[in-house]
Structure formats: C-alpha cells, structure tokens
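K.L.:
quick one: sequence and predicted model below, then my questions.
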Amino acid sequence: MSYDPQDLEAEWRERWADSGRYEADPDGRDGDESTFVTVPYPYPSGGMHIGHARTYTVPDVYARYRRQQGDNVLFPIGWHVTGTPIVGAVERLKKGEEDQLSVLRDTYNVPEDTLQDLETPMGFARHFIEEHYKKGMRQLGLSIDWRREFTTNDERYSKFIAWQYETLRDRGLLEKGLHPVNYCTNEEQPVTTHDLLEGEDAEFQEYTVVKFSDGDTVYPMATLRPETVRGVTNAYVDPDAEYVRAAVDVSEHRSDGTEADSEEWIVSAEAVEKLELQARDVEVRETIPGSDLVGRHVTNPVTDEELPVVPAGFVDTDNATGVVMSVPAHSPDDWVALEEVKADADALAEYGVDPDEIRAIEPRAILTIEGYGEFPAKDAVEEHGVESASDPALEAATQELYNREFHGGELIEAYGEYAGRVIEDVRDELEAQYRERGDFDSMYDFAEEVVCRCGGEVEVSKQETWFLRYNDSEWREKTKRAISNLDAIPENTREQYDHTVDWLEEWPCIRNYGLGTRLPWDDEFVIEPLSDSTIYMSYYTIAHRIDDVPVEDLTREFFDTLLLGEGSEAPRASEASSGDGTEPREVDERALELREEFDYWYPVDYRCSGNDLISNHLTFFLSHHAELFEESKWPRGITVMGMGLLEGQKMSSSKGHVVLPDEAISEYGADTVRFYLLNSSEPWQDYDWRAEEVGTTRDQLERFWNRAVEIIERAEESSAEGASGQRPRDEPAGGRNLEQADRWLLAKLQETVREVTESMERFETRAASQTAFYRFEEHLKWYRRRTDLDRAGARWTLRTVLETRLRLLAPFVPFAANELHERLTGEPAEDVPWPEPVPEFDDRTVVAEERLIETLVADVRDIVDVTDADPETIRVYAAAEWKGEVFDTVVSEGPNQGAVMGTVMQDEELREHGNAVNDLVGDLVSFVRERDDETLETLAAIDERAVYESAADFLAREFDADVEVYAEDEDPIDPAGKAKHAQPFRPAIHLE
RNA sequence: GCGAGGGUAGCCAAGCGGCCAACGGCGGCGGACUCAAGAUCCGCUCUCGUAGGAGUUCAAGGGUUCGAUUCCCUUCCCUCGCACCA
C-alpha cells in the first residue's frame, strides 16, 4: 500500500462530489453552531495559479476544522466579472496582440481551437471559471458548496446590487459630482491604467493656479507650491509658443458667488483643451504669440506688486497653463534661470524689455529653514555644484530642497497668521484661503506625457460621477464600531482599518463601461468592481434558491424583506387585511422563506482576504455591512493573507513565471500542495513556493503514510487475532500495560491536542500543522529510541496517537488523513469529532523524567564526543540526599542566595559540607529562578535515582556500554572521584 | 513623505524577559543499512575545547533589569498599501 496520491485523491474527490458532502443547509444545529467563511470571489481575467490555491485553501482548512468541531459550515464561492479587465483582455485577444496570445497559449495552456470561444467577455470568463478555477478548486479538495455559485453579471445578482445602491442613495450616501479621471482625447472616453501605453505610473496632480492680472486680464500661473506666492519675482512665458486670450468659466470655482462667472485668461494654446476637459467653458477670443506677452507687467494678487513677464525657452506650454511664476529664492530651477536671464539681459531688448529692470530683479525669501542661508535655492545650487539649467544635478538639488522646505521651512512674518509655521502644516489651509478670496484657482495635469494604447494623448478630465460618501461622519462612526466588534486577525490590522476609515473620502463608484450592474437610475453607468462586492456574502446564503423567483419579482421590497426583515412582522400577503384603513404592505412569502436561510448563516464569521485589500475592499465590506445591516449581522472576523512568491520572485503571468495548481497537483498531489502552502508560513505572512521544498514536503508525507499504514496493518493483525479470541482490539484501560515511554508519548499527545486547537482558533495554520506534524515526529523519534515497539502497550499507544493525529491533520491533508483514518477506524477523520485532551493521560512527572533522561543522554554524548572515547562502562551518580534538602530549601525560600544560606546553615549536618554547600546553593538558586513553580514541584517529587536506573538499559543500548547507577552518598564505585559533582537533576557521570 | 510590518546562524524560518547557542525545514558533513544509488535511520553543522565547559552572537548604537533575541529610545536597511486598479 504505497503512497499514491493521484489515485487516492481522485477517489475522495469523487466521493465528495457524489455525496454532496459540503453542501450545507440549515439543520437542527442553531446559529451558534453554524460557521460561514468566505474568501473574495476570483476574478477570472486569467487562469488560476498557485498563489490563488493558497488564498482559497486557508478558509478551507478553517472550514474543515469547524466541521470537525461539530459546526454546520458554509464555504461558498462565486465569480467576479465586473469592470474592465476581462473586457480589455478580450479586446486585446481580438486584436491579436502577441503578449496576450502568449499568456493565454503558453502560460494558461488554452488550446488553439478554444481561443475563439474567448472572444466574448463572458465566454472568456466562463473558460477560466470552468477550466481553471473550478477544476483547480476541486483538485485541491476545497470543501465548497457548489450549488451557490453565481457571477456578478447574473441578472438576479444585478437586482441585488441595484437594491443596495438605491437604498444607499435614499439614505443620502450617494452623491453626484465632478471627478478627475484619465481621459483619452482620441477615443474621447475615460481610460484605466491598463489602457495606457506610456506613463502608466504617471499620477495627475492638482496644480494651484495663482491669478496674476493685468487690469481685467488674468495670467493664471500654475504651481505645486502655493505658499511661495510672496516670493515671486517675475513670470516666464515661451516667446516662441502660441498663447490665447480666452473667456474662461470660473463659476464653479468661486465661493462668494458675487463676481463674474467668466474671466479673461491668458493661457497656452494647449491649455485650452485641458481646461475644457476639466469642465470649464472656454471661449477663445484671440491668439497671441508668446513674444507679445514678454515685457508686459502683471500684478501679484496677494502682494499687489507689479512684476515683469520674461521670456524663457524652458517653459513647457503643454504643462498646466503654460504661464509660470518664478521663485528664485526657493526654487533651484528658477535661481539658475534668473542668473542666466540676467547674464543675457541685453538680448532681451529685442522684446522691448528694459535690461536694467531684469538685472534689478532680486530673489525674495518667504521662509526660513535651518541649515540654509537667506536664499536656500542659492545654497542648494552651490552645494550640488549645479553649473547650468541643463545640469542633471539640478533635479536632485530641487528634489532635496523642496522636500526639506516642505517639512522644515517656516513662513516669514509677511504671512501674518501663518508666520512661523511649517509649510507641511499650513499649505492646504493657506491655499484654501486664497482660493476662497478668488485669488487662486486650480487645474489638473500630468507631470509627464501619457499616451493611450490607441495612440491618443491622455489628459485629465473632470467627469460627472456618482460617489459613495465614505466621509460621512455617521457612516464613519458605524464603520468604526464594526471594526471594534471585529476579530481582526492578526490583531495589528485593526489599526489599519481604523486608519483607512479616517482617510477615505468620497469614492467614485461608477464607470462608463465594463461588465456589471447598471446604475439603476442611469443605465449609462456601471457600478464598479470594488463597489459591487461589498455585501455579496449575503447573496450566497440564498443564491441557489433565488433562481426560483422570477427576475421581475426581485423588487426593492423583495430585498427589503429578505435582507432587512422589513415587513416580516406584518401580515403575510395571504392574510393581509385593510380593516384599519391603511393598506398593509404585502409581504412576499418567498422573500420571507429566503430570509430564514439568510438569518441562519449570517453574519459572516470569517472573511479571508489579501492584506493589500485592507485599504479598500475590506474596509468597504465593513462599511456597507455597518450601514445596511443590523449590528448582529456585522462581520465577526477578518483574516488577512500575505503575498506569494515563486522561487523568491514575484509571480507574473505575463512572464510565464507562475505555477499552475493542476501541474503542481499532478506532480506532488493535492495534500502536499495544501500542506506546503499552509505550513510554510502563517496565513497573513508572505510565503514562497520553492519546488525543492515542496518535493521534501511530499517525502515527509509519504514517510508519514508508510508508518501509518504499518500501524494500521498491525492493528488489523491484532483484530484478526482478536477475532480468534486471543487479543481484543480495544483493550480496556487496565489491560494496556503502558510503560513509561508510552505514558510519555500520550502525555505529549495531550499537549499537542491543546496547542493545535488553540492555534486553529487563531487561524495559525503554520503553528498548528507544525505542532501536529513535525514536532510530533520529533517526539516519535525519541519514543522509537526509548522503547520496544512490539509490546502490546506500544501498539496501543501508536494506534491511539495515529488516530488522534489524523484527526488533527485532516483539515490540512484531507485526502490522506481521511483515507488512513477510515482504514484505521472505519470512519473518515472528517466525520468524527475534533480530538479533546484526555486528562487521564496528562502526566507532568513522566514528561519531566524523560527530560532528565534526554539531558543525561546528551551529556554523555557530549563527553564522548569531546574526549573521543568509546566507553565500556558508564557510571551515573545521583546527587546525595543532603543536596536534595538544599534544593527543597531553595524552593521554599525562593531564589535568594543570602536567605537560603541563612536557613541552610542552621542545619548542623549541612554545615558540615562547608563550601560545597555555598557553591551548590549558588547553582540551585539560578536553576530555581529559571523555572516556574509547577515544574519545581514536579521535579521535587521525582526519585532521580530510580529514573536513571529505569533508563539504564536504554543508555546501555545507546552507547553500547555497561551502565551503573549509584547514589552519591551510598558509597559508590567512583574511581575518578566524579560522584561529588552530582547536583539535583544533574547527575555526575564517569566514563571508563 | 504618511500608514503598517520586518531585519535571527549558508538559505527559509520559529522564539518575543530567565528552561536560548536559540524549534523546525532545506543545504552541508560523518556514520548505519546497501553490490551501488535512492529511500530510511542515527549523530554533527557559530568559535575554541581530551569530561558534560568556555567564548562570541539574534541589523547598529544606547538604555531599563540580578538577567534581553525578547521591553524602551535613536540610527540604518528591506517589504507592502497610499484611491478610482482588480
């Protein structure tokens, strides 16, 4: 019966499927005995890899554990298809993009003749659902109730999401507004980062626009450092570029509402489109060459100073407004530019600029910062040895100075109420104040070029969007309460949820295209993926039964009844009466029936999800539950999971750097894959798939299997003998004839049961499986050395140990554990209860005694090694009785040298031992200090000499020598005078 | 920068005030078994050591303590998240 996981696992898969073993329905067990675990539904925009395997195995192990604990356990799965990735993948496939084809063909082994089935979004999704995820999950042995699966594109699911969003809107948690998005000017639609060819990492920034003016004409100058407004010495324009004078709508950007809602702005030609995309009406009145602007004077809206407009070739007219302000005191760029302009001032005469005016420009400091002089930009330029505007060192100088000024710069007196404060703390406040007054405005732009896959230029556009108001204070309060109610695993994630709640503002919850549910009141929009996956766990509870209800009956009232219990107190449709004048609402009986099941399973006991999802999905999950459901339905726990590596590297399906579960399972078997994934780190830690170690794990399981089979076969022999009346299979306790080693192993077993159970309760799958498997293997190693395994007592012990361990390991390696357990007892491990510690087998004394023997063996070996001797005779001397008395005194007096000596010296007999007593007390004091009371008590009761005598045969075997055990004070044979070194629990040893 | 988590022997990784030179796995070395290989079993794997010992270690530096890998402070380094991406 060799270990053949393929056959064995196939049989169990079939058995589970045929019997519907994991289909969970409400039964006699009440709510406390039901457990509902979930994991984020997979997003089938590609195949399943080994990282997914772990994600889904973590909840499976817990589910299996709870089942053995007697719970009715529901572990469902569904499929998330909402949004653009699947649509995008199909587009790329249809266009025949090589990268995409290679991922499909080479990484995920899609057969050539199947490719065309993937050319519709749901066809694509279906392929990966059926051929990858479901197959993989079944192969892994996940205990899923398959009747409840659904996709987020199903019409009934959409009804459910529509209910959610209509309810949120009614509660005022949805709001319409403008929001900046990436927008392709060629396709004229918003695009996601997936759609970008260039600038994928680019983030748009909100620039402050400082409204310098010349009469009624505004020169809007974009900056990221609005606080430098008092340090501006001049403006720059590109004399060779084209500018426009245009009427720009500013109505949205005024708060007082008294002023004109349109202003005349001078901006670069490129800026016109940007402003229009950002929801402004722009009417171009006139085109002006940049050179015409040069030499004009503009007024600083904050200081009322007049400043010259200076020409500069470095001005990028494609960035923001194309008009920039110069702050030479604090910007190394501007410092260098000003130097160069001054040096070449005479050349400006051609623009009609007075060179003397330029030469007279003086930098103006607006903040002070430690470590720099009056003009920090000057120091920075010098420190970095910047030579010219094209010097690469300039960028480093700029970065460094910006950073330091932001965190350490203090504003000067001229800033009034902001004087003396650090930029970091006042920038936003200051900016808002000037904006309020109409001196500042804002616009978005990228810092670099961003190009769409279609080749079109991507700009920032403000689009009308619906937002979820996560910043609503009442909502935040509820969510916080949900967080404090939560069992957050590991505990330190709780803080992160709280932090996320404070940080979340408004979340745009719709998109212009993609799969999913249409916004119920505006079907132009689709509810985006992170927003249609917040309460779907509730949908699992009824997913397999709601199909019986026609879609058109799934009204808001239906879900109000089903999910909120509204009307469940009211008379049912059949018995509705209108006797009191008001028409009672008709309650849908079907909804009430479904509600019973919802009520039975809900809330979610544990949700297992990636730690990277704390800052969005998991917090949304908590928020929506807190808002929509009553407190008793809020999530009980969340376990977060770490990231996976493959041979120390990030997995990447595009590079083909992935392992598919199917391949791993064919090579090693599902139990090995599961065991490796769960045993190599705790769920929330990162893990690394290393083929070599997976192979070793398989070897370990195989060895375990072989040993187990041996025990089972022996048990069968015994029972055969039992059948013929010679030896009953289950001997009564009195007839077991257990020896010291048996009792020790059984005591260790009880420790193991306790530790594993505690670990499982905390989702510590690594600690649990290490304890049940590897650590117990160590105990067995010792046991095999210590005793004769052919004894009846040993057989009984090994059988008992095996049975218990199989039950402890069943959640991790369900195939092998169930099989072996069934062969051993007739029942699969999953059908019998989780082991309980048996107090009868707890035995601190025997554990302590074995520990003494272990130490003795180690000490003897140590001496053998260091002396390179091969002893004929080993003499062991247990400490004299008076030493035991000293030990007792140390225990009763406590580990205090002085106090102990005081007591000991009153004993005349002990006093006779003189200095030896003093030394001994010193050693015993530290011995006692290092141990707890219980251990000391146990030790004190042990007859050391008897322990060593009982181990003499064992020692003799280990070292192939004669073993003699003496008491130090009973006149031992002591040729080398070693006996006197004996101490309590540290016998003296002599080798000869 | 902000928030979270880390840095332990050749590698992975546990420990989180004394039982710690520090669990376990991998790798390496030696031995048993074997014709041989593999598997399995035993021992060793920081340095020194002809008696169970001593010395130096748990990113670096400082502190608290009778005692710190474990607690506190500072510094350096690494990973993850930071929004419209699932």
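P.N.:
Good, I have the coordinates.
K.L.:
excluding chain neighbours, what is closest to the residue nearest in space to the middle of chain A?
P.N.:
Nearest residue to the geometric centre of chain A (Cα atoms, centre = their mean): A:Asn611, 1.4 Å. Excluding the flanking residues, the one nearest A:Asn611 by Cβ to Cβ, 6 or more residues apart in numbering is A:Val640, at 4.1 Å. No exception for glycine: its C-beta is placed from N, CA and C like everyone else's.
K.L.:
that neighbour and A:Ser615 touch, don't they?
P.N.:
No. Contact criterion Cβ atoms under 8 Å: A:Val640 and A:Ser615 do not qualify, at 11.3 Å.
K.L.:
give me the number of residues near the closest residue to RNA strand B within the stretch 301-450 of chain A?
P.N.:
In the stretch 301-450 of chain A, no residue comes nearer to RNA strand B than A:His407, which is 6.2 Å away by Cβ to the nearest atom of the strand. Using other Cβ atoms under 10 Å, A:His407 is surrounded by 12 other residues.
K.L.:
where in chain A is pLDDT low?
P.N.:
Confidence mapping of chain A against pLDDT under 70 gives the ranges A:1, A:192-195, A:199-203, A:251-260, A:568-585, A:718-735.
K.L.:
packing partners for the longest helix along it?
P.N.:
Longest helix in chain A by number of residues (criterion: DSSP state H): helix A:691-723. Counting contacts by 3 or more Cβ pairs under 8 Å, 6 or more residues apart in numbering; DSSP states H and E, helix A:691-723 packs against helix A:661-668, helix A:670-679, helix A:792-809, helix A:814-825.
K.L.:
quick one: contacts for A:Lys94?
P.N.:
A:Lys94 sits next to A:Glu119 when contact means Cβ atoms under 8 Å, 6 or more residues apart in numbering.
K.L.:
now it: phi and psi?
P.N.:
phi -70, psi -30 (degrees, to the nearest 10).
K.L.:
what about the closest residue to A:Thr672 other than its chain neighbours, distance to RNA strand B?
P.N.:
Nearest non-adjacent residue to A:Thr672, counting by Cβ to Cβ, 6+ apart: A:Arg698, 4.3 Å away. A:Arg698 is 10 Å from RNA strand B, where distance means Cβ to the nearest atom of the strand, to the nearest Å.
K.L.:
dump the residue contacts of A:Arg698.
P.N.:
A:Tyr668, A:Gly669, A:Thr672.
K.L.:
how about stretch A:211-224 against RNA strand B, any contact?
P.N.:
No. Counting by Cβ under 7 Å from any atom of the strand, RNA strand B is not contacted by stretch A:211-224; separation bottoms out at 14.4 Å.
K.L.:
for that stretch, buried residues please.
P.N.:
A:Lys211, A:Phe212, A:Ser213, A:Asp214, A:Val218, A:Tyr219, A:Pro220, A:Met221, A:Ala222, A:Thr223 (16 or more other Cβ atoms under 10 Å).
K.L.:
for the residue nearest to the last one when sequence neighbours are not counted, list each beta-bridge partner.
P.N.:
Going back to what we said before, that points to A:Thr223. Spatial nearest neighbour of A:Thr223, chain neighbours left out: A:Thr208 (5.5 Å); criterion: Cβ to Cβ, 6+ apart. Taking DSSP bridges, one finds A:Thr223, A:Ser442 as the beta-bridge partners of A:Thr208.
K.L.:
can you count the residues close to A:Thr208?
P.N.:
23.
K.L.:
contacting residues for it?
P.N.:
Per Cβ under 8 Å, 6+ apart, neighbours of A:Thr208: A:Ala222, A:Thr223, A:Leu224, A:Pro226, A:Glu431, A:Arg435, A:Phe440, A:Asp441, A:Ser442.
K.L.:
using CSV, write down the CA coordinates of stretch A:615-628.
P.N.:
Taking only C-alpha atoms (Å, rounded to 0.1, in the frame of the first residue of the first chain), the coordinates of stretch A:615-628 have been written out as CSV:
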residue,chain,number,x,y,z
SER,A,615,-7.4,49.9,2.4
ASN,A,616,-10.2,49.4,0.0
HIS,A,617,-12.3,46.2,-0.3
LEU,A,618,-12.2,45.0,3.3
THR,A,619,-13.0,48.4,4.7
PHE,A,620,-15.8,48.8,2.2
PHE,A,621,-17.1,45.4,3.2
LEU,A,622,-17.2,46.6,6.8
SER,A,623,-18.7,50.0,5.9
HIS,A,624,-21.6,48.6,3.8
HIS,A,625,-22.4,46.0,6.4
ALA,A,626,-22.4,48.6,9.1
GLU,A,627,-24.7,50.8,7.1
LEU,A,628,-27.1,48.3,5.6
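K.L.:
A:Val640 and A:Ser615: which has the busier surroundings?
P.N.:
Comparing A:Val640 with A:Ser615 by other Cβ under 10 Å, the one with more neighbours is A:Val640, at 22 against 15.
K.L.:
so the more buried one, which state does it fall into?
P.N.:
Of the three states, A:Val640 takes strand according to DSSP: H, G, I helix; E, B strand; the rest coil.
K.L.:
who touches it in this structure?
P.N.:
Per Cβ under 8 Å, 6+ apart, neighbours of A:Val640: A:Ile489, A:Pro490, A:Thr493, A:Cys608, A:Ser609, A:Gly610, A:Asn611, A:Leu613, A:Ile614, A:Leu618, A:Pro683, A:Trp684.
K.L.:
swap the cut-off to 7 Å and go again
P.N.:
Contact analysis of A:Val640 by Cβ atoms under 7 Å, 6 or more residues apart in numbering lists A:Thr493, A:Ser609, A:Gly610, A:Asn611, A:Ile614, A:Trp684.
K.L.:
is it true that the second one touches A:Asn616?
P.N.:
So that's A:Ser609. No. Here A:Ser609 lies out of contact with A:Asn616, judged by Cβ atoms under 7 Å, at a distance of 10.7 Å.
K.L.:
coming back round to it: what is the nearest of the contacts of A:Val640 to A:Arg29?
P.N.:
Nearest to A:Arg29 among those: A:Ser609, at 26.5 Å, using Cβ to Cβ.
K.L.:
pull the number of nearby residues for that closest one.
P.N.:
Neighbour number of A:Ser609 under other Cβ under 10 Å is 21.
K.L.:
secondary structure class for it?
P.N.:
A:Ser609 is classified as strand under three-state DSSP.
K.L.:
so which residues of the stretch 301-450 of chain A form helices?
P.N.:
A:332-343, A:355-359, A:376-383, A:393-408, A:423-437 (DSSP state H, counting those that start in this stretch).
K.L.:
in CSV: these, plus distance to A:Glu283.
P.N.:
Shown next, in CSV, are the helices of the stretch 301-450 of chain A (distance: least, Cβ to Cβ, whole Å):
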stretch, distance to A:Glu283
helix A:332-343, 32
helix A:355-359, 34
helix A:376-383, 39
helix A:393-408, 36
helix A:423-437, 23
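K.L.:
what parts of the stretch 601-750 of chain A come near RNA strand B?
P.N.:
So the stretch 601-750 of chain A meets RNA strand B at A:611-613, A:615-617, A:643, A:680-682, A:685-686, A:688, A:692-693, A:696, A:699-700, A:703 (Cβ under 7 Å from any atom of the strand).
K.L.:
now with 6 Å?
P.N.:
Contact residues (Cβ under 6 Å from any atom of the strand) of the stretch 601-750 of chain A with RNA strand B: A:Asp612, A:Ser615, A:Asn616, A:Ser681, A:Gln685, A:Asp688, A:Glu692, A:Glu693, A:Thr696, A:Asp699, A:Arg703.
K.L.:
A:Trp744: which of the residues you listed is nearest?
P.N.:
A:Arg703 (22.2 Å).
K.L.:
how about residues contacting stretch A:125-139?
P.N.:
A:13, A:42, A:44, A:46-48, A:53, A:56, A:77, A:79, A:81, A:86, A:108, A:114, A:117-118, A:144, A:151, A:661-662, A:665, A:670.
K.L.:
let me know whether it sits next to RNA strand B.
P.N.:
No. Stretch A:125-139 stays clear of RNA strand B (Cβ under 6 Å from any atom of the strand), getting no nearer than 10.6 Å.
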